[in-house]
Each structure stands twice: as C-alpha cells, then as structure tokens.
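Undergrad: Everything below, folded, please.
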Amino acid sequence: MTGNGTGQMQDQLALRSRLSDMTQLSPWIESLATRHAIPGNVQFAIELCLEEVVSNVIRHGYAGAEDCSVLVSFAMPRESYFEFVVDDEAQPFNPLEAPELGALSPDEETRVGGQGIRLVRQFADAVEYQPKASGNRLSMGFSAAK
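TA: Purely as a prediction, here's the structure:
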C-alpha cells in the first residue's frame with residue numbers, strides 16, 4: 001500500500017475533530033466513486049470503514065477535543081484498487097493489535113460499541129498501521145476485483 005508515504009495521493013479531505021464534520025465523508029466518497037468507477041459494494045465497504053475509523057479517532061483518540069485535525073487521503077495505486085489513509089495527531093493506538101470482541105452469546109441480542117475494529121478487518125482487503133512522530137496513520141485498501 002502507499003500509506004507508508006511513498007505513493008502519490010490523488011485526493012484529500014481535511015476534517016476537524018467534530019462529529020458534525022463527518023457529514024463531509026459520504027459526499028466525498030460518492031464523488032470519488034463516480035470519478036473512479038468504484039463499484040457500489042466497494043463504495044459501501046469504504047464508507048463503512050472510514051466512518052468507523054474517523055468517528056473512533058474523534059471520540060476516543062481526541063477525547064472530545066474539537067479543534068484537532070483528521071486527514072483522509074485517497075489513492076489508486078493500481079487499477080481497481082482503492083486506498084484510503086487516515087492521519088491523525090491523537091495518542092498512539094494500533095487497531096491491529098487491539099483484541100477483537102468475542103462472539104455474541106445466545107443471551108445477547110446486540111452489543112453497543114466495540115464493533116469498529118471488527119468491521120474494518122472484515123470489509124477492508126488490507127489494513128496497515130504506522131505510528132507517526134505525533135499521531136497515527138491507518139491505511140486501508142479495497143479491491144474491486146473480488
């Protein structure tokens with residue numbers, strides 16, 4: 001993946017650490033999907049993963065601080081492969097090392113919270129984490145050729 005800083009990013013969306021800023025994600029993804037012929041099922045996976053990651057950065061990483069930055073970048077390093085990178089300045093957190101929640105027991109109908117990491121692992125074709133000097137970089141790759 002190009003999330004290591006070696007690739008050319010094609011588009012970026014700069015957000016502030018406010019949950020209200022997340023309303024910018026969906027139209028941006030729709031625009032990318034139109035311009036780059038991203039299939040609907042892949043667009044769904046991208047939107048789901050980005051919403052989970054960005055909301056977790058805002059709610060947990062920045063713990064309610066509203067004037068921090070979240071930068072979401074898009075690249076297409078090869079045909080039919082879409083890469084998104086989320087950069088933040090929050091405390092280090094590697095979601096790839098976080099344990100996944102166990103399966104629901106028969107007594108549980110639902111569980112609120114804690115599903116973001118599971119969803120990213122399930123819907124992204126590749127996920128990489130890189131700590132930065134001040135923050136985190138999470139790269140997610142999505143393939144249209146499934």
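
Undergrad: Quick check on residue 92: phi, psi?
TA: Here is the backbone geometry of residue 92 (degrees, to the nearest 10): phi -60, psi 130.

Undergrad: Could you pull up the contacting residues of it?
TA: By Cβ atoms under 8 Å, 6 or more residues apart in numbering, the contact set of residue 92 is 131, 135, 136. Bear in mind the C-beta positions are built from the backbone N, C-alpha and C, glycine included.

Undergrad: Look up how far residue 43 lies from it.
TA: Taking Cβ to Cβ, to the nearest Å as the measure, residue 92 and residue 43 are separated by 30 Å.

Undergrad: and if you look at residue 96?
TA: Separation of residue 96 from residue 43 (Cβ to Cβ): 24 Å.

Undergrad: Neighbour count: the two, which is higher?
TA: Set residue 96 next to residue 43 and count neighbours by other Cβ atoms under 10 Å: residue 43 wins out with 20 against 11.

Undergrad: Could you tell me which residues within the host helix or strand of residue 41 count as buried?
TA: According to DSSP states H and E, residue 41 maps onto helix 40-56. Neighbour counts using 16 or more other Cβ atoms under 10 Å place 42-43, 45-54, 56 of helix 40-56 among the buried residues.

Undergrad: Turn these into a markdown table, including pLDDT and distance to residue 121.
TA: Shown next, in a markdown table, are the buried residues of helix 40-56 (pLDDT from 0 to 100; distance: Cβ to Cβ, whole Å):
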| residue | pLDDT | distance to residue 121 |
| --- | --- | --- |
| 42 | 97 | 16 |
| 43 | 97 | 19 |
| 45 | 97 | 12 |
| 46 | 98 | 15 |
| 47 | 97 | 16 |
| 48 | 96 | 12 |
| 49 | 97 | 9 |
| 50 | 97 | 14 |
| 51 | 96 | 15 |
| 52 | 95 | 11 |
| 53 | 96 | 12 |
| 54 | 96 | 17 |
| 56 | 93 | 14 |
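
Undergrad: would you list those residues in CSV and tack on distance to residue 33?
TA: Compiled in CSV, the buried residues of helix 40-56 are given as follows (distance: Cβ to Cβ, whole Å):
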residue, distance to residue 33
42, 8
43, 4
45, 11
46, 8
47, 9
48, 13
49, 14
50, 12
51, 15
52, 18
53, 18
54, 17
56, 23
